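Peer 1: Here you go, sequence then predicted model.
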Amino acid sequence: MTMANPGQPTVRVGDSGEPVRRAQRALRRTPNTSLEVDGSFGPLTEAATKQFQQQAGLPVTGVVDEATWMALPTGSPMPVLSQGSQGDAVKSLQAVLTNGASGLWGVTPQGVDGDFGSNTAASVRAFQQWARIQVDGVVGQQTWDAATSLEFMVGIQHAGE
């Protein structure tokens, strides 16, 4: 089995930066979808870490150490998807946008073909407006992290290095 988070430094309350964001993304995928990915290791990240450690049968320290990193799912960022993107991640995104649109943001990508075209961009913009985040038609980290945790529904198997 390959380690999902190789060579990551120990992070704890008071730490900040990319290693903390990676830990927060990994914790969101446990799934603790309420945790915000802000790069600042505060009380909510500590509580999520303790909850995960307890569930995983690890010592409950609130510190993301090597054993915790090894037990967590990958903390790699999700890919940025925009008009012109293609593939399985786009197909999964389109399925989620289609299923969720009814009664919420209303605009579907008009098909699940794995091709991020103008209809998918329109659906993403409608979702972003509904989620009250920047409306740009691009699925970047802010959109993945939005209220409904799109990345959890789309699937973290699409996270990459």
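Peer 2: Alright, I've got the coordinates. Residues are numbered from 1 along each chain as shown.
Peer 1: Give me the helices and strands touching the helix or strand where Leu93 lies, please.
Peer 2: Under the criterion of DSSP states H and E, Leu93 resides in helix 88-101. Helices and strands touching helix 88-101, by 3 or more CB pairs under 8 Å, 6 or more residues apart in numbering; DSSP states H and E, are helix 118-131, helix 150-154. Backbone N, C-alpha and C define where each C-beta goes, glycine included.
Peer 1: hmm, 6 Å instead?
Peer 2: If you count contacts as 3 or more CB pairs under 6 Å, 6 or more residues apart in numbering; DSSP states H and E, helix 88-101 packs onto helix 150-154.
Peer 1: Low-confidence ranges, the chain, go.
Peer 2: By pLDDT under 70, the weakly predicted segments of the chain are 1-3, 147-161.
Peer 1: from what I can see Val107 touches Ala121, true?
Peer 2: No. Contact criterion CB atoms under 6 Å: Val107 and Ala121 do not qualify, at 10.1 Å.
Peer 1: angle of the helix holding Leu93 against helix 118-131?
Peer 2: If you take axes from the mean of the first three to the mean of the last three CA atoms, to 10 degrees, helix 88-101 sits at 50 degrees to helix 118-131.
Peer 1: And helix 88-101, how far out from the chain middle?
Peer 2: 15 Å (CA atoms, centre = their mean, to the nearest Å).
Peer 1: CA-only coordinates of it in PDB, if you can.
Peer 2: Extracted in PDB, the C-alpha atoms of helix 88-101 (Å, rounded to 0.1, in the frame of the first residue of the first chain):
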ATOM      1  CA  ASP A  88     -13.600  11.300 -15.600                       C
ATOM      2  CA  ALA A  89     -13.400  14.100 -13.100                       C
ATOM      3  CA  VAL A  90     -15.400  16.300 -15.400                       C
ATOM      4  CA  LYS A  91     -17.900  13.500 -15.900                       C
ATOM      5  CA  SER A  92     -18.400  13.100 -12.200                       C
ATOM      6  CA  LEU A  93     -18.700  16.800 -11.700                       C
ATOM      7  CA  GLN A  94     -21.400  17.000 -14.400                       C
ATOM      8  CA  ALA A  95     -23.300  14.100 -12.700                       C
ATOM      9  CA  VAL A  96     -23.200  15.900  -9.400                       C
ATOM     10  CA  LEU A  97     -24.200  19.300 -11.000                       C
ATOM     11  CA  THR A  98     -27.100  17.500 -12.800                       C
ATOM     12  CA  ASN A  99     -28.400  15.700  -9.700                       C
ATOM     13  CA  GLY A 100     -28.100  18.800  -7.400                       C
ATOM     14  CA  ALA A 101     -29.500  21.400  -9.800                       C
END
